[in-house]
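Undergrad: Predicted model follows, preceded by the sequence.
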Amino acid sequence: MSATAPKSLLRRAWIAARFVLFGFVGFWIMLIFSIEFIVGVFDHAQQVMNPVLSLPFALVGALMMLHGVGEWGRWGYLLVFLSIPISLGLLMLLPGAGNSKELPVLVAAIAAVGTYVGVRGYYERRVRRESQD
């Protein structure tokens, strides 16, 4: 066994732990506080937290996800994560959209994938442009 094998194993363990601790936990924090904001604004329901205060927590969850997937510093990927609650909030504006269980999942998935393709293309073009200079 080489000396680099333990470092590689530790690195992989850290990447997996980072993904679970920051990626999954950040997703749930972002989703819960985004829903808290959406419900507080659209339904005017009395919630545990003021809707304005829930936005910073949702942003913290998105930043945690950014770190969890190893894209810290590539701020465009925040758009991918934030497209999920934004698309769900816009979906709530449509009459009858809350009757379907599959529609919110489908809309959020399409928004996230579409945004991911756009952001990834942006960073690929940026790398190509920088390599040409």
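TA: Arrived safely, thanks for sending.

Undergrad: Looking at the lengthiest helix in the chain now, give me its mean pLDDT.
TA: Assignment by DSSP state H gives helix 102-132 as the longest helix of the chain. The pLDDT scores in helix 102-132 average 92.

Undergrad: so what's the residue most central in space within the chain up against?
TA: With distances taken as CA atoms, centre = their mean, the chain has Phe81 as the residue nearest its mean C-alpha position (2.3 Å). By CB atoms under 8 Å, 6 or more residues apart in numbering, the contact list for Phe81 reads Phe27, Met30, Ala62, Met65, Leu66, Ala112. From N, CA and C alone the C-beta is placed, and that goes for glycine too.

Undergrad: Same check on Ala62?
TA: Gly26, Met30, Leu78, Phe81, Leu82.

Undergrad: how close does it sit to Pro85?
TA: 9 Å (CB to CB, to the nearest Å).

Undergrad: so where's the protein uncertain?
TA: 1-5, 44-48 (pLDDT under 70).

Undergrad: Let's see that with 50 instead.
TA: For the chain, residues meeting the criterion pLDDT under 50 lie at 1.

Undergrad: what are the ranges of the helices in it?
TA: With DSSP H as the criterion, the chain has helices spanning 4-18, 25-42, 51-68, 77-92, 102-132.

Undergrad: between the shortest one and helix 51-68, how many degrees?
TA: Our comparison of helix 4-18 with helix 51-68, counting by axes from the mean of the first three to the mean of the last three CA atoms, to 10 degrees, yields an angle of 160 degrees.
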